[in-house]
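> pasted the sequence and its predicted model underneath.
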Number of protein chains: 2
Amino acid sequence: MFSLKDIEIAQQAEMRNIKEVAEKVGLKPSDIEQYGDFKAKIKLPIKKSTKTKEKLILVTAINPTPAGEGKSTVTVGLGDAFSLLDKKVMIALREPSLGPVMGMKGGATGGGYSQVVPMEDINLHFTGDMHALTTANNTLAALIDNHIYQGNSLDIDQRRIIWKRVLDINDRALRHVVIGLGGISQGIPREDGFDITVASELMAVLCLAQNVADLKRRIGNIVIGYTTKRKPVTVDQLGVTGAIALLLKDAIKPNLVQTLAHTPAIIHGGPFANIAHGCNSVLATQTALKLADYTITEAGFGADLGAEKFLDIKTPVLGKSPDTIVIVATVRALKMHGGVKKEDLKQENVEALKNGYVNLSRHINNMKQYNVPVVVAINQFVSDTETELQCLQKLCADEGTKAIVANVWAKGGAGALELAKEVVNSCEQVSEFAPLYSAEDEIKVKVEKIVTKIYGGTKVEYGTKAKRQLKQFAELGWNHLPVCMAKTQYSLSDDAKKLGAPTDFTIHVREFVPKLGAQFIVALTGNVLTMPGLPKIPAANGMDLSDEGKISGLY
Amino acid sequence: MFSLKDIEIAQQAEMRNIKEVAEKVGLKPSDIEQYGDFKAKIKLPIKKSTKTKEKLILVTAINPTPAGEGKSTVTVGLGDAFSLLDKKVMIALREPSLGPVMGMKGGATGGGYSQVVPMEDINLHFTGDMHALTTANNTLAALIDNHIYQGNSLDIDQRRIIWKRVLDINDRALRHVVIGLGGISQGIPREDGFDITVASELMAVLCLAQNVADLKRRIGNIVIGYTTKRKPVTVDQLGVTGAIALLLKDAIKPNLVQTLAHTPAIIHGGPFANIAHGCNSVLATQTALKLADYTITEAGFGADLGAEKFLDIKTPVLGKSPDTIVIVATVRALKMHGGVKKEDLKQENVEALKNGYVNLSRHINNMKQYNVPVVVAINQFVSDTETELQCLQKLCADEGTKAIVANVWAKGGAGALELAKEVVNSCEQVSEFAPLYSAEDEIKVKVEKIVTKIYGGTKVEYGTKAKRQLKQFAELGWNHLPVCMAKTQYSLSDDAKKLGAPTDFTIHVREFVPKLGAQFIVALTGNVLTMPGLPKIPAANGMDLSDEGKISGLY
């Protein structure tokens, strides 16, 4: 059953022309721009389709472990199950970054018989959105350095530029660099650094923009640094808002693809959830909401990161909160949270499962704080025993939460029918969304609410720079902005090694990064990095392209 | 007549669906992959179409001046004239770089009524080839630094890495950088630098590869640097040839678009001609040769750069030399070569024209050395007087060359009918191609032949590093490779200020860069830079995107 690799299943898929897929949700050929036969961009603005409901389902997960959780796989399988139940459904996922594709194995297109296709294209250049963002980001960087070189009429302090360059690559050597070397005609030497594209403010701007006008407004408001008198300098002041927007004119349009079972899927925007806000684009979700009765979307990593940001950053912009939150957990991963090593995961271990359940329990209770109905999806692996599965279901039931076993890797949508029915019912519950904090809360209060109510920590420590920034941002009138926490995904704390549900811990905020275009303040905690590195043996080393153009070694 | 801007003419164009354009040269819908309605990639391998001839026309020019020459405009207009004459014709151009688009005004899609469309897409992200190259280049760079960081089993000397990072942006601040700063976990500090993508070896590799197998072979052979024992290190040794090739799997396929008059045009590969080899891809030219009776292609900047490289680097790989070379000149530009300032160009000045003619004359005689028939195209501007035009024609005739006036900016193909007829006749001449040098010549001999026979210089001076490299490359067995000169485009010499036809000058080679994948040796002359800078007021500052998604300010 598990003999085929994901890429082989994807390569054998019989895809339908994207026009047919579009038609399922009422999009005519003139409403889309094809990129080959199996990818398309949806033209803006989107018109509303004939539909009876507007239900939003958010898929999130426990804290990830090396055992694998399969959030995207469950999202895709759940979407296909909705299709099997004859529901008008759309999936909305994030775009993969080439960093992890070339680094640790892993694109973001699901797995087994729950995949979005064409898997290879989506994991490589797709429709070029990531490259457009990289180009726009670095064009702006070049324009900033050129402004200084050409006379610096805005009086930008080259030591206070906060606009970094980016690449969609894991490249630790570019984290800290000195640029502008080589003498008088080569620029002005200064410290700089590269982030990965998915951590960039432009990615967040693209993901939070409601339309082209909003995209331009947000770009214009981006603060790229400060003058020697410590006044913020914006892109509008540089006079290049139009040029940067123009480079994103196609990237802002949502991308349409299909699952292996031809369920329409939008894949658009891909900020990481540990170092960015972790949600696909507002336009993608809005498009799905307009076209389908059920929109199934996901947010990155565990519910402490992606889901918190979905609910506190994306929901206010989207103007709609989820009707149900699905938390994905696996027996294997919970056993790891309960202390089992990866090599011992195949052995039944109910005790470890019970110990590790605290991680899932924390996330369930966290999500319930927002007053949104929660369903747990147990993503089944072949090594799970019946005893373990029943034990996990009972643990959830004892706390009043339904947990449904789904077998989507092997069976696709057919493996998630029971889960889908439960989610359909859950979406009919009436509940009033309860945000974690209000805009009026000070930045410090927002951080403390996230840390105590979501992470389960006791206090927050601010580094010298962060303390100074809290004061500065209050003076600049930026207190009303939400906070985007940058934190390790592996633990509820800022220490990757603390699995399970740690208590009595402190979160260390070393620095804030203001993102006035995205309209949030990033808080860098622990030693989280905004540019990943490659592992000892990168996935790239196992890839190949045959003389006939066939790809292998992509995961 | 000149009231509409190029972008307005392009935006008003009634384009045909690219399927119809493809059909003109026998390509079925299944032979192409559409990128929207008006762009497509041609699937490989290309099958030969029914056709009677295989004529190749190379369009080149005098040394460029700020007056403008219009090589792409003439290429497009000439193609449309062939269409009007009912010839089966294809145009093959290079892809524009975003560097100049955002910097000094100027994409590369022609002008007036001789343009390729969709102009905006072609000048911005097009089908993503440039971004794929940037990504592949920088992925390789990250893999190199990661190899060293993870133990450096290949013993790469970090002071001898010659693989630079690239961006498709004019960014002088990145010419010389120090990377790997920040301490132990951030990499290993070393000097590095960024080139513009169009100067990268991967661009040359893409443009010279005959097929996917050849692409992989060339990538594998790339030398990225040397060991501490000064042995070359290749991409094959790093074990990542497959990953880099895979990132170029779509970029290697030629792109199909159309002119305003619906003549099929391939736009593929875009190396600059001053700092790279300046020709579109071998696959593009081969595709056009297989599908059409007449293939009209161009090479960048003046004939001393693009055409020399076409004839000495591309032709041996292509296996076919041009049947006619068209040299584009304008009265305005020749007057500048004759000493007139830009602001005085509108005044008739036959004397200056005669003085400046020496530049054209040098290029004509240079091209004739290759034993290929030459036709001069005088690209007419409104300010040209009848006396000037006749004078220029007579100057050419006196040296035995036909010069035809073409008015393609204002009239499109109809303005180049006489030129087209002359080219058709010229292509029927039988002549044996005479290469400038043979593979057996030493690198030094090749450089000297280019300098004396093409540039008109008297000698070559080598810097200390270049001298050492000549010795080293001979030992490494690289003597058989052709030379790709990197030189200012503005002068036949390596001093941009020497216009006209300078004599008695020395070319200064400061350094060589071996490109074992591209299979040539770059010679850096004068103070030529492989990463341009932005001007005082970049074109970016005049660009905008309306709320409805309409672009303005693009040239």
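It's in.

> number of nearby residues for A:N371?
When neighbours are defined as other C-beta atoms under 10 Å in any protein chain shown, A:N371 has 12 of them. Quick note: C-beta positions are derived from backbone N, CA and C, even for glycine.

> what does A:Y490 give?
Neighbours around A:Y490, by other C-beta under 10 Å: 18.

> ok and the residue in the stretch 351-500 of chain A nearest chain B?
A:A496 (13.9 Å; C-beta to the nearest C-beta).

> that residue should be in a strand, yeah?
No - looking at A:A496 with DSSP: H, G, I helix; E, B strand; the rest coil, it is coil, so not inside a strand.

> export the helix or strand where A:V21 lies to PDB, keeping only CA atoms.
Element membership of A:V21 [criterion: DSSP states H and E] is helix A:18-24. The C-alpha coordinates for helix A:18-24 follow below in PDB (Å, rounded to 0.1, in the frame of the first residue of the first chain):
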ATOM      1  CA  ILE A  18      -8.000  23.400 -15.200                       C
ATOM      2  CA  LYS A  19     -10.900  24.900 -17.100                       C
ATOM      3  CA  GLU A  20     -13.100  22.000 -16.100                       C
ATOM      4  CA  VAL A  21     -11.900  22.300 -12.500                       C
ATOM      5  CA  ALA A  22     -12.700  26.100 -12.600                       C
ATOM      6  CA  GLU A  23     -16.200  25.300 -14.000                       C
ATOM      7  CA  LYS A  24     -17.000  23.300 -10.800                       C
END
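
> now that helix, how far from the chain's geometric center?
Remark: helix A:18-24 is offset 26 Å from the chain centroid, using C-alpha atoms, centre = their mean, to the nearest Å.

> after that helix, which helix or strand is next?
Later in the chain than helix A:18-24, the nearest helix or strand by DSSP H and E is strand A:32-34.

> residue nearest the centroid of chain A?
Taking C-alpha atoms, centre = their mean, the centroid of chain A lies closest to A:G278, which sits 2.7 Å from it.

> rewinding a little: does chain B sit close to the helix holding A:V21?
No - using C-beta under 8 Å from any C-beta of the partner chain, helix A:18-24 never reaches chain B; the gap is at least 10.6 Å.

> which single residue of the stretch 1-150 of chain A ends up nearest chain B?
A:H131 (3.5 Å).

> hmm, stretch A:91-106 in reach of chain B?
Yes - Stretch A:91-106 lies within reach of chain B by C-beta under 8 Å from any C-beta, at A:L98, A:M102.

> give me the mean pLDDT for that stretch.
Averaging pLDDT along stretch A:91-106 yields 90.

> over to stretch A:329-339?
Summarised as a single mean, pLDDT over stretch A:329-339 is 97.

> can you list contacts of it?
A:61-70, A:342, A:345, A:349, A:351-360, A:376-381, A:383-384, A:388-389, A:392, A:403, A:499-500 (C-beta atoms under 8 Å, 6 or more residues apart in numbering or on different chains).

> show me the contacts for the residue nearest to the centre of chain A.
A:R94, A:P271, A:F272, A:A299, A:G300, A:F301, A:L305, A:G306, A:K309, A:F310.

> wait, isn't the residue of the stretch 351-500 of chain A closest to chain B in contact with A:T525?
No - A:A496 lies out of contact with A:T525 (C-beta atoms under 8 Å); the separation is 11.4 Å.

> perfect, that will be all.
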